[in-house]
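[1] below: sequence and its predicted model.
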Amino acid sequence: MNRMSEQDVMSSITNSWVGSLAVNLLCYSTIFVPGYFFIHFVKKSKYIDRAGSSCISKAIVSFVYGHGYDRIAGEENTQSKIAGAKSSNNNCVQLIFCFVGLQVSYLTWGVLQEKVMTKEYQNADGSVGHFKDSQFLVFVNRVLAFSLAAVYLGFSRQPRHTAPIYKYSYCSFSNIMSSWCQYEALKYVSFPTQVLAKASKIIPTMIMGKIIGKKKYEYFEYVTAILISAGMTMFLLGSTESKSGSDNSTTISGVIILAGYMAFDAFTSNWQGELFSQHKMTSLQMMCGVNLFSCLLTVTSLTQQGSFGPSLSFMFTYPTFFWDCLILAVCSASGQLFIFHTIAVFGPVVFVIIMTIRQGLAILLSCILYSHPVTVLGILGIILVFIAIFMRVYCNHRLKQLQQRRAAVDTAKV
């Protein structure tokens, strides 16, 4: 009887997004708190001065201090690979391959994401169920991404890894939280609203860049960020999806969760950028390290909450959900690989253009498949958002051209 009452209490807590978030954070603390004291103890005791050559000693040193060797050679190898890729004769074929890969991966991922979190599943026996555990979906996605990255690293030649492994835990945590917010937000807002929120995350990303990397931005970057935010507001005001029965608490919950998503996502990208600039690891090494901690955190939390069993049971009770979940994870992992390859071969400008097109197609697909009505004001907001994004890409490209010309002129004068 007491056991049932405890389960009822836990269920009532986790049924609300606030309670679920609090429980998740408490579970994550069982990893972070001991880890903090372990790192503090190793550094304070100057373990590196007396570390031996055993596997355990090397693992501790790599986890806390990292390795400072072969960094320059690693950079040269990486640059030569990228240069070789750019000088190849099949750039056009690769561009088409990247474009199609990104569109298929993330359009499929977006549609399935909305289906998994908002639609009911039915099996052959006629029983109906609705999956609610966002964290389990994050875990499945991260396990497959980590496995693919680890296998790739195992069969390819990479520069020596120099970063302290524990530093991946920060962006891993923020990545988990942004993914959790992304899934959880679909319970309160529609998929088009979430996609437009992603398009408007430039402002929090710029703010986080100033805080973490002390970055400076051009005036056009501020202008386009404001235009994107204005377009997002027009879309929200012009959306007619909210029914008369909806209350303010649902709207407030959706806004809070989306704000959390943008903040965590902004921290993730900026922290990863700092790691890239400081330690010069490859994208696959970053992918492997981040997903390693993501798997550790999510599996610990799921196990402590006792939600691993019910989620697996739901997966095998409803075969359609199993395949949706598997395809969702495959699309998430393959999408990461396409992102890294596109940026490495063609640069970030081409990648942003491709992903901007993806966002527009995602909204169009969702409105068609799930009948999300949008008014004229909402359509104008969408147009304003994407015009601002393309303006940002164009201005960035022009600025880089001017900087290259100035550098060439200065070199010629010398």
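    Arrived safely, thanks for sending. Numbers count the residues shown, from 1 in each chain.
[2] now do the strands in the protein.
    Applying DSSP state E to the chain gives strands spanning 121-122, 128-129.
[3] would you turn those into CSV with distance to Ile48 and mean pLDDT?
    C-beta coordinates here come from the backbone N, C-alpha and C atoms, glycine included. Below are the strands of the chain laid out as CSV (distance: least, CB to CB, whole Å; pLDDT from 0 to 100):
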stretch, distance to Ile48, mean pLDDT
strand 121-122, 52, 86
strand 128-129, 52, 85
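[4] of these, flag the one that's most buried.
    Mean neighbour count (mean count of other CB atoms under 10 Å) peaks for strand 121-122 among the strands of the chain, with a mean of 16.
[5] which other residues reach that strand?
    128-131, 318, 320-321 (CB atoms under 8 Å, 6 or more residues apart in numbering).
[6] let's go with 6 Å and repeat that
    The contact list for strand 121-122 (CB atoms under 6 Å, 6 or more residues apart in numbering) reads 128-129, 318, 320-321.
[7] end-to-end on stretch 208-222?
    End-to-end distance of stretch 208-222 (CA to CA, to the nearest Å): 14 Å.
[8] numbering from 44 from now on, please.
    All right, first residue 44 from here; so that's stretch 251-265.
[9] identify each buried residue in it, please.
    Across stretch 251-265, burial judged by 16 or more other CB atoms under 10 Å covers 251-252, 264.
[10] distance between it and the chain's centre?
    20 Å (CA atoms, centre = their mean, to the nearest Å).
[11] could you do stretch 354-370 as well?
    For stretch 354-370, the distance to the chain centre is 23 Å (CA atoms, centre = their mean).
[12] could I get the CA-only coordinates of it as PDB?
    Below are the C-alpha coordinates for stretch 354-370, written out as PDB (Å, rounded to 0.1, in the frame of the first residue of the first chain):
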ATOM      1  CA  SER A 354       9.400   3.400 -21.400                       C
ATOM      2  CA  LEU A 355      10.900   0.200 -22.800                       C
ATOM      3  CA  SER A 356       7.600  -1.600 -22.100                       C
ATOM      4  CA  PHE A 357       5.700   1.100 -24.000                       C
ATOM      5  CA  MET A 358       8.200   0.800 -26.900                       C
ATOM      6  CA  PHE A 359       7.500  -2.900 -27.300                       C
ATOM      7  CA  THR A 360       3.800  -2.700 -26.500                       C
ATOM      8  CA  TYR A 361       3.300  -0.300 -29.500                       C
ATOM      9  CA  PRO A 362       5.500  -1.500 -32.400                       C
ATOM     10  CA  THR A 363       4.700   1.700 -34.400                       C
ATOM     11  CA  PHE A 364       6.300   3.700 -31.600                       C
ATOM     12  CA  PHE A 365       9.400   1.500 -31.600                       C
ATOM     13  CA  TRP A 366      10.000   2.100 -35.300                       C
ATOM     14  CA  ASP A 367       9.200   5.900 -34.900                       C
ATOM     15  CA  CYS A 368      11.700   6.000 -32.000                       C
ATOM     16  CA  LEU A 369      14.400   4.100 -34.000                       C
ATOM     17  CA  ILE A 370      14.000   6.300 -37.100                       C
END
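[13] just the buried residues of it, please?
    Residues 354, 357-358, 361, 364, 367-368 are the ones in stretch 354-370 that count as buried (16+ other CB under 10 Å).
[14] closest to Ser312 among the contacts of strand 164-165?
    Lowest distance from Ser312 to the contacts of strand 164-165 (CB to CB) belongs to Phe364, with 30.6 Å.
[15] so who does that closest one touch?
    Here Phe364 is in contact with 164, 358 (CB under 6 Å, 6+ apart).
[16] likewise Leu371?
    Contact partners of Leu371, counting by CB under 6 Å, 6+ apart, are Leu155.
[17] same question, Phe351
    Going by CB under 6 Å, 6+ apart, Phe351 touches Leu345.
[18] quick one: it and Gly109, what's the gap?
    Noted for Phe351: a distance of 32 Å to Gly109, by CB to CB, to the nearest Å.
[19] one more: Ile82?
    Distance from Ile82 to Gly109, by CB to CB: 12 Å.
[20] out of the strands of the chain, which comes closest to Asn439?
    Nearest to Asn439, of all the strands of the chain, is strand 164-165, at 43.7 Å by CB to CB.
[21] distance from that closest one to the middle of the chain?
    28 Å.
[22] now do the most centrally placed residue in the chain against Thr205, distance only.
    For the chain, the residue nearest the mean C-alpha position is Asn218 (5.4 Å; CA atoms, centre = their mean). Using CB to CB, we find Asn218 at a distance of 21 Å from Thr205.
[23] go on, Lys101?
    In terms of CB to CB, Lys101 sits 14 Å off from Thr205.
[24] the more surrounded of those two?
    Thr205 (19 against 13; other CB atoms under 10 Å).
[25] the more buried one contacts Ser105, correct?
    No. Thr205 is beyond contact range of Ser105, at 9.5 Å (criterion: CB atoms under 6 Å).
[26] which residue ranges of the stretch 344-457 of the chain form helices?
    Secondary structure of the stretch 344-457 of the chain (DSSP state H, counting those that start in this stretch): helices located at 351-360, 362-389, 391-413, 419-456.
[27] most tightly surrounded among those?
    Most buried among the helices of the stretch 344-457 of the chain, counting by mean count of other CB under 10 Å: helix 362-389, with a mean of 19.
[28] just the angle between that one and helix 351-360, please?
    Per axes from the mean of the first three to the mean of the last three CA atoms, to 10 degrees, the angle that helix 362-389 makes with helix 351-360 is 100 degrees.
[29] now helix 362-389: mean pLDDT?
    Helix 362-389 carries an average pLDDT of 81.
[30] off-centre distance for it?
    12 Å.
[31] tell me which residues in stretch 209-218 are buried?
    Using 16+ other CB under 10 Å as the burial criterion, the residues of stretch 209-218 that qualify are 209-218.
[32] sorry, wrong one. I was asking about stretch 307-324.
    Buried residues in stretch 307-324, counted by 16+ other CB under 10 Å: 307-315, 317-318, 322-324.
[33] using CSV, write out every CA atom in it.
    The C-alpha trace of stretch 307-324 is given here as CSV (Å, rounded to 0.1, in the frame of the first residue of the first chain):
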residue,chain,number,x,y,z
PHE,A,307,20.5,26.0,-23.1
ASP,A,308,21.0,25.7,-26.9
ALA,A,309,22.9,29.0,-27.0
PHE,A,310,25.2,27.9,-24.2
THR,A,311,25.8,24.6,-26.0
SER,A,312,27.0,26.1,-29.3
ASN,A,313,29.1,28.8,-27.6
TRP,A,314,30.8,26.4,-25.2
GLN,A,315,31.5,23.9,-28.0
GLY,A,316,33.0,26.8,-30.0
GLU,A,317,35.3,27.7,-27.1
LEU,A,318,36.4,24.0,-26.8
PHE,A,319,37.1,23.9,-30.6
SER,A,320,39.2,27.1,-30.5
GLN,A,321,41.2,26.1,-27.4
HIS,A,322,41.8,22.4,-28.0
LYS,A,323,41.4,22.0,-31.8
MET,A,324,39.6,18.6,-31.6
